[in-house]
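S.K.: need a structure here:
(one chain, ligands or ions: 1)
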Amino acid sequence: MPVQVGVIMGSQSDWDTMQHACEILDELQISYEKKVVSAHRTPDLMFEYAEQAAERGIKVIIAGAGGAAHLPGMVAAKTTVPVIGVPVQSKALNGLDSLLSIVQMPGGIPVATVAIGKAGATNAGLLAAQIIGSFDEEVRSRVQARRDRIRSEVLESSDSL
Ligand SMILES: Nc1c(C(=O)O)ncn1[C@@H]1O[C@H](COP(=O)(O)O)[C@@H](O)[C@H]1O
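M.R.: The predicted structure is shown next:
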């Protein structure tokens, strides 16, 4: 099956966070690849990855980075494939630096920014699935089934208070 989602991250140290996006893609049976790509440390690879994404059939890119998190925005600058940015929680500033680096894009080059850390990575996986679900009925119904399950769990938890 061709790769539908590209999950990239600035460093191997981001995997603890980014694995939560991949868990969602596994659960919803969406094909993906995962790679370390850095705007700072491997700029040529980053350009190549972004430039080739559309022709390789990638439908969504999830890009996670921490600190001076330029990766999502720079990738978005080089492709029209939708980019979801995940701010990885940094040690020095708790991820506020990552969040602000990703979210404050200039008009014209959007990055869909999620929350800092694990919850953000999970939501990035779900948002990618919803984008794919807009043209893939099977994925859409898996996303809906997941929502239904969560709703039931919440209602049951309330009943047992
Ligand atoms: N923000 C970026 C980029 C980038 O934006 O291209 N490349 C690496 N990094 C970040 O540096 C942090 C520390 O990396 P190391 O743990 O490798 O020192 C990571 O969170 C990574 O995302």
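
S.K.: show me the shaky parts of the protein.
M.R.: For the chain, no stretch is flagged by pLDDT under 70.

S.K.: if we go to 90?
M.R.: For the chain, the stretches with pLDDT under 90 are 1, 159-161.

S.K.: let me see the ranges of the strands in it.
M.R.: Assigned by DSSP state E, the chain shows strands spanning 5-9, 32-36, 60-66, 83-88, 112-113.

S.K.: for residue 125, find the nearest of the ones you listed.
M.R.: Distance to residue 125, taken as CB to CB, is lowest for strand 60-66 among the strands of the chain, at 7.1 Å. Bear in mind the C-beta positions are built from the backbone N, C-alpha and C, glycine included.

S.K.: put together TSV for the strands of the chain, with distance to the ligand on each row.
M.R.: Below are the strands of the chain laid out as TSV (distance: least, CB to the nearest ligand atom, whole Å):
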stretch	distance to the ligand
strand 5-9	6
strand 32-36	8
strand 60-66	3
strand 83-88	5
strand 112-113	14
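
S.K.: counting contacts, what elements does the lengthiest helix in the chain pack onto?
M.R.: If you go by DSSP state H, the chain has its longest helix at helix 137-159. If contacts are counted by 3 or more CB pairs under 8 Å, 6 or more residues apart in numbering; DSSP states H and E, helix 137-159 sits against helix 118-133.

S.K.: list the buried residues in the helix it packs on.
M.R.: Under the neighbour-count criterion of 16 or more other CB atoms under 10 Å, helix 118-133 has 118, 120-133 buried.
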